[in-house]
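Undergrad: what would the 3D arrangement of this be:
(one chain, ligands or ions: 3)
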Amino acid sequence: MKRIALLTSGGDAPGMNAAIRAVVRTALYHNLEVYGIRRGYQGMIEGDIFRMETTSVSNIMQRGGTILKTARSKEFMTPEGRKKAYQQLQKNGIEGLILIGGDGTFKGANVFFKEYSLPAIGIPGTIDNDIAGTDYTLGFDTAVNTAVEAIDKIRDTAEAHDRMFVVEVMGRDAGYIALNSGIACGAEDILVPEEITNFINIMKRISSDKRRKKLVNIIVVAEGDELGGAAAVKAKILEAFPEIDVRATILGHIQRGGSPSYFDRVQASRMGYEAVNAIMAGETQVMIGLKNQEIIHTPFEKAIKEHAPLNLKMMEMARILAS
Ligand SMILES: Nc1ncnc2c1ncn2[C@@H]1O[C@H](COP(=O)(O)OP(=O)(O)OP(=O)(O)O)[C@@H](O)[C@H]1O
Ligand SMILES: O=P(O)(O)OC[C@H]1O[C@](O)(CO)[C@@H](O)[C@@H]1O
Ligand SMILES: [Mg+2]
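TA: Residues are numbered from 1 along each chain as shown. Ligands and ions are numbered 1, 2, ... in the order given. Sure, this is the predicted structure:
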């Protein structure tokens with residue numbers, strides 16, 4: 001293999017730039033030519049491809065976002081779109097791909113490989129931490145720390161006013177950010193999509209807190225919880241307790257930005273380095289992941305079929321510790 005290409009796709013995540021740097025520098029060390037594709041699969045379709053050198057990745061490790069930009073491409077979901085993408089890769093002599101993204105990105109890679117047999121290696125980059133076959137996805141650590149800093153600030157004002165807050169964190173179908181930021185901030189309740197929320201229990205807890213004059217309450221809800229987000233949960237609380245002073249806050253995209261933590265930078269460096277080694281060794285359709293702190297290779301098929309399980313024992317622990 002002489003020439004590979006690299007892209008970031010789906011939601012951006014802190015640490016993507018550190019992974020890009022690791023891929024480019026490792027590839028160049030092994031005399032592989034490396035091309036960057038801007039805006040994920042959409043840029044692949046449009047031929048937005050450029051040669052990368054060692055200086056292309058200088059001074060990017062500490063930056064959030066992705067210098068390659070990212071996108072969600074509807075066109076790549078169609079056979080015609082993927083055909084155009086393949087033609088662009090052929091035109092540029094690309095023999096292998098390294099993809100940094102979430103489960104959707106690897107689903108796309110899987111379909112693409114079935115059609116065109118182009119080798120591809122994945123690096124899990126999503127703040128959601130929801131990919132099976134890895135304990136960790138890039139960006140999760142930074143995103144949780146951002147959420148924790150924000151919720152701590154919300155608790156200050158909640159304490160000052162004796163108020164209840166419902167705080168919505170990201171997680172379309174995953175409760176990792178909610179569970180971990182909730183534990184770290186001592187949230188009184190944590191609502192996640194992986195567990196059916198028992199609202200009766202929440203009402204019982206609020207009644208008992210009221211009896212013992214505990215008025216400050218933080219409820220962390222993942223955006224994908226079946227009850228709905230912060231606004232829906234607030235409305236349900238007011239239905240049951242119209243007298244309670246409650247506010248809803250949506251943390252939103254603040255969780256996706258910012259300088260990556262040391263942990264995200266180190267894991268991104270390890271994964272980027274390993275992705276190049278894997279593609280050079282002739283591997284394909286595997287995602288580089290972490291299990292028990294060690295690098296592992298997981299087939300895309302497995303990574304996309306399952307949802308990473310949430311440790312529900314930690315939900316129970318969180319309830320006991322916050323009681
Ligand atoms: N079944 C599929 N077939 C072809 N392409 C797909 C498929 N699923 C996803 N893709 C492509 O991958 C892109 C990224 O997927 P998606 O938007 O789900 O984000 P992701 O990679 O899961 O990241 P995140 O969840 O962190 O935002 C999609 O915009 C689409 O172009
Ligand atoms: O606003 P966008 O870019 O569609 O992304 C929102 C989604 O992306 C994620 O943050 C993952 O990156 C999800 O948790 C969230 O639902
Ligand atoms: Mg996803």
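Undergrad: could you pull out the helices for the stretch 51-200 of the chain?
TA: 79-91, 103-116, 140-161, 176-184, 199-211 (DSSP state H, counting those that start in this stretch).
Undergrad: who's in contact with the third one?
TA: Just to be clear, that refers to helix 140-161. The contact list for helix 140-161, computed with CB atoms under 8 Å, 6 or more residues apart in numbering, reads 13-15, 64, 126-129, 163-165, 167, 169-170, 176-177, 180-181, 184-185, 187, 216-218, 220, 245, 249, 251, 254-261, 263-264. Every residue, glycine included, has its C-beta placed from N, CA and C.
Undergrad: ok, now with 6 Å
TA: The contact list for helix 140-161 (CB atoms under 6 Å, 6 or more residues apart in numbering) reads 14, 127, 129, 165, 167, 169, 177, 180-181, 184-185, 216, 218, 251, 255, 258, 260-261, 263-264.
Undergrad: is it true that Asp135 touches Leu290?
TA: Yes. Using CB atoms under 6 Å, Asp135 is in contact with Leu290, at 5.2 Å.
Undergrad: can I have the buried ones of the contacts of helix 140-161 as a PyMOL selection?
TA: Restricted to buried positions by 16 or more other CB atoms under 10 Å, the PyMOL selection for those reads:
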select buried, resi 14+127+129+165+167+169+177+180+181+184+185+216+218+251+255+258+260+261+264
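Undergrad: show me the contacts of helix 140-161 that map onto strands.
TA: Phe165, Val167, Val169, Ile218 (DSSP state E).
Undergrad: for ligand 2, what are the nearby residues on this structure?
TA: Counting by CB under 6 Å from any ligand atom, the chain comes close to ligand 2 at Gly11, Thr126, Ile127, Asp128, Met170, Gly171, Arg172, Glu223, Arg256.
Undergrad: returning to what we had before: can I get the ones in strands among the contacts of helix 140-161 in CSV with distance to ligand 1 and pLDDT?
TA: Shown next, in CSV, are the ones in strands among the contacts of helix 140-161 (distance: CB to the nearest ligand atom, whole Å; pLDDT from 0 to 100):
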residue, distance to ligand 1, pLDDT
Phe165, 26, 98
Val167, 21, 98
Val169, 14, 98
Ile218, 26, 97
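Undergrad: phi and psi next, for the residue of the chain at minimum distance from ligand 3.
TA: Closest contact between the chain and ligand 3, by CB to the ion, is at Gly102 (3.4 Å). Main-chain torsions, Gly102, degrees, to the nearest 10: phi -100, psi -160.
Undergrad: mind checking pLDDT for the closest residue to it other than its chain neighbours?
TA: In space, and not counting its chain neighbours, Gly102 is closest to Thr126: 3.6 Å by CB to CB, 6 or more residues apart in numbering. Thr126 carries a pLDDT value of 96.
Undergrad: I'd say Thr126 and Pro14 touch.
TA: No. Assessed by CB under 6 Å, Thr126 is found out of contact with Pro14, at 10.8 Å.
Undergrad: tell me the secondary structure at Arg247.
TA: Here Arg247 is strand, with the state taken from DSSP: H, G, I helix; E, B strand; the rest coil.
Undergrad: ok, now which ones touch the residue nearest to it when sequence neighbours are not counted?
TA: Spatial nearest neighbour of Arg247, excluding adjacent residues (CB to CB, 6+ apart): Phe165 at 5.3 Å. Going by CB under 6 Å, 6+ apart, Phe165 touches Ile154, Ala158, Ile218, Arg247.
Undergrad: confidence score at the second one?
TA: Just to be clear, that refers to Ala158. Taking Ala158 on its own, its pLDDT is 97.
Undergrad: neighbours of it, just the number please.
TA: Other residues within reach of Ala158, judged by other CB atoms under 10 Å, total 21.
Undergrad: who's in contact with Val192?
TA: Gly175, Ala178, Leu179, Ala222.
Undergrad: who wins for most neighbours among those?
TA: Busiest of the contacts of Val192 [other CB under 10 Å] is Ala178, holding 31 neighbours.
Undergrad: that residue touches Ile218, doesn't it?
TA: No. If you go by CB under 6 Å, Ala178 and Ile218 don't touch, sitting 11.6 Å apart.
Undergrad: now do the buried residues in stretch 275-285.
TA: Ala275, Val276, Ala278, Ile279, Met280, Glu283, Thr284, Gln285.
Undergrad: bridged to Ile49, which residues?
TA: Ile37 (DSSP bridges).
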